[in-house]
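**Student:** following is a predicted model, sequence given first.
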Amino acid sequence: MRRIAAVLAVPVAALAVTVGVAAHASELDFTHVPTANPKAPGLAPPNRLSPELAEIVSAQGSTTLENPDGVVKYYGYLDDGRPMVPALGSNVEAQKTEPDKNAYLVFKDGLKGADPAYDYGQRFLFQGHEAGTPGYVTRINLDADSDHRVTLLADKTSAGVAMKTIDGITWDPWAERLLVTNEGGSTGAVYQLTTEPGGPVDDISGQLGRAGWEGIQNDNRGNLYLVEDTGGANGTGANARARRPNSFVFRFLPSDPSDLKQGGELQALQVIVNGTPLVFGPTADGDINAPGYLALHQYGTSYPTKWVTIATTTASSPLPGPDANALAKAAGATPFKRPENGVFRPGSKFTEFFFDETGDTDNRTSAAASGGFGAIFWLDQSPKSDDGRIRVFYNGDQEHSAFDNTTFFSEDKIAFVEDAGDTLHQQRNGLDSAWLFDVGKDYSDPAVKPIRFIAEGRDVAATIDSGLSGTPGFTNDGDNEITGIHVSDGDPSKGGILGAKTPQPFKSNGKWRAFWTQQHGDNITWELIAAP
């Protein structure tokens, strides 16, 4: 019997603090939140949103899984024998699992869960978990009651091997599988799994490659775009606070989009600056502010790009070499400064791909002019071609920095959220923010600024963790981070992939929905709604 919980009604206490007077959110003309929340010892400020928005809890870290497996018992904590909240004077607490990127799907015929007699509804939110051992994938059953709210989909492969921690996630309608990625560098992984517990879970890294995988996204031909975050070495001397560009943007052309285990071509993006490919150089200090990187980050310029094939795989011939990162370097692809996620612009027929650089997350960076504070790139290309052009859309600064997850809210409005980390939070006295950019605006003009629509706060658990950070034996992160920003109507067909339709969130019919996760601390996943 289906039991829709009364708690799904919006309680007043669950609404985030808003700023000013509310207007209709569907116009996507959000009011700018003027400042970030400050960082101070013992201070746990609430999230502050544009007044057009409010948020409700979809799940939180202490939510018990309906089908626990060993130490995997809660949405955001491992049941490892340690308390969720440390005793006074102690730094001993349970490992937090850090639910990360989200994927929203609607199945009209519903999905099965652990309880065969229960109707789980039609609307579901999926996410992988970034920390702890093992990694795992969960499903928030948005139509379900509290006892059936979160289902464990998998924590091991069909071969019985524990899953690695998970960063990125997407739904692949050609293979009819969830694809989740691991940020493990040369030991990284890509898994595919079904939307119901007990289904097959396959490690397809031999066909797609091993790298520090973060973002993963389809185009309309069934190709996959993978964004890598493998942090490079810091420089020396004046460059000691700047990282070398060391991560690549990849494209995988499957031999059979409906069966990724058959392999295909793995490609990496190459940028040609002033007639010369921008490549991984002989030294970190030589790369950090190389002329090519300074030119690439100049507003008003654009440069040719080419997808270079670095490997061809089959079901029986997996990826050669130590890892995809090394193969990309050998092939002369262009490394970026910690790119993390990318998304196609709606209405562009998958010819416009936006992706970000996180940068150095330290205001002492010597690479402010070459991506040290993060950047956003705009790639124009055809899914049918290897050639394109790239330009910088936005160069970060101390206030707008460390870009991570991204999603489009409309055809022209794209959101990027921050993962600045405790060090930069302290330096700028500001916690993370979510920013809304207009692709029709020229951000080379210093007077043109993005709109802050979330000034993330810091929950009590993260405030405690921030105080414990750096103490011997403490393993959890400190301040909260914004992750998993995601807007979708949940359409699981090929015509429903991100970028195929123009998003229309916050409409009264509720078809398009928006989510984000306040990672670290209590690990709350929120749904954004129009303010009452």
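**Tutor:** Arrived safely. Numbers count the residues shown, from 1 in each chain.

**Student:** so where's this structure shaky on pLDDT?
**Tutor:** With pLDDT under 70 as the threshold, the chain has low-confidence stretches at 1-27.

**Student:** which residues touch the residue nearest to the spatial centre of the chain?
**Tutor:** Nearest to the mean C-alpha position of the chain, counting by CA atoms, centre = their mean, stands residue 405 at 3.8 Å. Contacts here follow CB atoms under 8 Å, 6 or more residues apart in numbering; on that basis residue 405 touches 101, 340, 341, 416, 417, 482, 483, 484, 485, 486, 516. (Glycine included, C-beta is placed from N, CA and C.)

**Student:** quick one: whichever strand or helix holds it to chain centroid distance?
**Tutor:** Residue 405 belongs to strand 403-408 when elements are defined using DSSP states H and E. Between the mean C-alpha point of strand 403-408 and the mean C-alpha point of its chain there is a distance of 7 Å (CA atoms, centre = their mean, to the nearest Å).

**Student:** tally of neighbours for residue 281?
**Tutor:** The tally of other residues near residue 281 (other CB atoms under 10 Å) stands at 16.

**Student:** which ones are touching it?
**Tutor:** Contacts of residue 281 (CB under 8 Å, 6+ apart): 287, 290.

**Student:** returning to what we had before: partners of the strand holding residue 405 in the sheet?
**Tutor:** Taking DSSP bridges as the criterion, strand 403-408 pairs within the sheet with strand 413-418 (antiparallel).

**Student:** send the alpha carbons of the strand holding residue 405 over as PDB?
**Tutor:** What follows is strand 403-408 as a C-alpha-only set of coordinates in PDB (Å, rounded to 0.1, in the frame of the first residue of the first chain):
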ATOM      1  CA  PHE A 403      33.200  26.800  -9.700                       C
ATOM      2  CA  ASP A 404      32.000  23.200  -9.500                       C
ATOM      3  CA  ASN A 405      28.600  21.900 -10.400                       C
ATOM      4  CA  THR A 406      26.500  23.600 -13.100                       C
ATOM      5  CA  THR A 407      23.000  23.500 -14.600                       C
ATOM      6  CA  PHE A 408      20.900  25.600 -16.900                       C
END
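
**Student:** now, which of the contacts of residue 405 lie within strands?
**Tutor:** Judged by DSSP state E, the subset of these located in strands is 101, 340, 341, 416, 417, 482, 483, 484, 485, 486, 516.

**Student:** are any of the residues you listed buried, and which?
**Tutor:** In those, burial by neighbour count holds for 101, 340, 341, 416, 417, 482, 483, 484, 485, 486, 516, counting by 16 or more other CB atoms under 10 Å.

**Student:** which one is residue 441 nearest to, not counting chain neighbours?
**Tutor:** Excluding the flanking residues, the one nearest residue 441 by CB to CB, 6 or more residues apart in numbering is residue 448, at 5.3 Å.

**Student:** which SS state does that neighbour fall under?
**Tutor:** Remark: residue 448 carries the secondary structure label coil [criterion: DSSP: H, G, I helix; E, B strand; the rest coil].

**Student:** quick one, phi psi at it?
**Tutor:** phi -90, psi 120 (degrees, to the nearest 10).

**Student:** same question for the one 5 residues further on.
**Tutor:** The phi and psi torsions at residue 453 (degrees, to the nearest 10) take the values phi -110, psi -10.

**Student:** and if you look at the one 4 residues further on?
**Tutor:** Listed backbone geometry of residue 457 is phi -90, psi -150, with angles given as degrees, to the nearest 10.

**Student:** quick one: contacts for it?
**Tutor:** Under the contact definition (CB under 8 Å, 6+ apart), the residues listed for residue 457 are 37, 44, 45, 46, 47, 48, 431, 480.

**Student:** now with 6 Å?
**Tutor:** Applying CB atoms under 6 Å, 6 or more residues apart in numbering, one finds that residue 457 lies in contact with 37, 45, 46, 47.

**Student:** tell me which of the residues you listed is nearest to residue 181?
**Tutor:** When the contacts of residue 457 are compared for distance to residue 181 (CB to CB), residue 47 comes out closest, at 27.2 Å.

**Student:** number of nearby residues for the closest one?
**Tutor:** Residue 47 has 24 neighbouring residues, counting by other CB under 10 Å.

**Student:** then residue 426?
**Tutor:** Using other CB under 10 Å, residue 426 is surrounded by 16 other residues.

**Student:** quick check: closest non-adjacent residue to it.
**Tutor:** Counting by CB to CB, 6+ apart, the residue nearest residue 426 is residue 39, at 5.9 Å.

**Student:** ditto for residue 65
**Tutor:** Excluding its sequence neighbours, the residue lying closest to residue 65 (CB to CB, 6+ apart) is residue 152, at 4.8 Å.

**Student:** ranges for the helices of the stretch 1-150 of the chain?
**Tutor:** Under the criterion DSSP state H, counting those that start in this stretch, the stretch 1-150 of the chain contains no helices.

**Student:** strands along that one, start to end?
**Tutor:** 17-18, 48-49, 53-59, 64-69, 72-74, 99-106, 123-129, 137-141, 150-154 (DSSP state E, counting those that start in this stretch).

**Student:** now for those strands, which one comes closest to residue 210?
**Tutor:** Between residue 210 and the strands of the stretch 1-150 of the chain, the shortest separation by CB to CB is 16.7 Å, and it involves strand 123-129.

**Student:** can you list contacts of the closest one?
**Tutor:** Outside of strand 123-129, the residues within contact range by CB under 6 Å, 6+ apart are 97, 99-100, 102-106, 135-140, 142-143, 166, 169, 178, 180.

**Student:** for that strand, output the C-alpha coordinates as CSV.
**Tutor:** Written as CSV, here are the backbone C-alpha positions of strand 123-129 (Å, rounded to 0.1, in the frame of the first residue of the first chain):
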residue,chain,number,x,y,z
ARG,A,123,9.5,10.7,-9.1
PHE,A,124,13.0,9.9,-8.0
LEU,A,125,16.3,11.7,-7.3
PHE,A,126,19.6,9.7,-7.6
GLN,A,127,23.1,10.5,-6.3
GLY,A,128,26.4,8.9,-5.6
HIS,A,129,28.4,9.4,-2.4
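
**Student:** direction included, what does it pair up with?
**Tutor:** In the sheet, strand 123-129 lines up with strand 99-106 (antiparallel), strand 137-141 (antiparallel) (DSSP bridges).

**Student:** quick one: buried residues of stretch 367-382?
**Tutor:** For stretch 367-382, the neighbour count (16+ other CB under 10 Å) marks 367-368, 370-381 as buried.

**Student:** still on that earlier bit, the residue nearest to residue 441 - how many residues pack around it?
**Tutor:** Residues near residue 448, counting by other CB under 10 Å, number 12.

**Student:** try residue 494
**Tutor:** Neighbours of residue 494 under the rule other CB under 10 Å: 15.

**Student:** what's the helix or strand for residue 197?
**Tutor:** For residue 197, there is no enclosing helix or strand under DSSP H and E.

**Student:** quick one, what contacts it?
**Tutor:** Residue 197 sits next to residue 153 when contact means CB under 6 Å, 6+ apart.

**Student:** show me which residues of stretch 207-225 are buried.
**Tutor:** Residues of stretch 207-225 classed as buried by neighbour count (16+ other CB under 10 Å): 207-219, 222-225.

**Student:** stretch 396-406 now?
**Tutor:** Using 16+ other CB under 10 Å as the test for burial, stretch 396-406 gives 396, 399, 400, 401, 402, 403, 404, 405, 406.

**Student:** do the same with stretch 46-61
**Tutor:** Under the neighbour-count criterion of 16+ other CB under 10 Å, stretch 46-61 has 47-61 buried.

**Student:** and residue 422, that's in a helix?
**Tutor:** Yes: applying three-state DSSP, one finds residue 422 inside a helix.

**Student:** ok, so what distance separates it from residue 526?
**Tutor:** Taking CB to CB, to the nearest Å as the measure, residue 422 falls 22 Å from residue 526.

**Student:** who has more neighbours out of these two?
**Tutor:** Relative neighbour count places residue 526 above the other of residue 422 and residue 526, with 24 against 20, counting by other CB under 10 Å.
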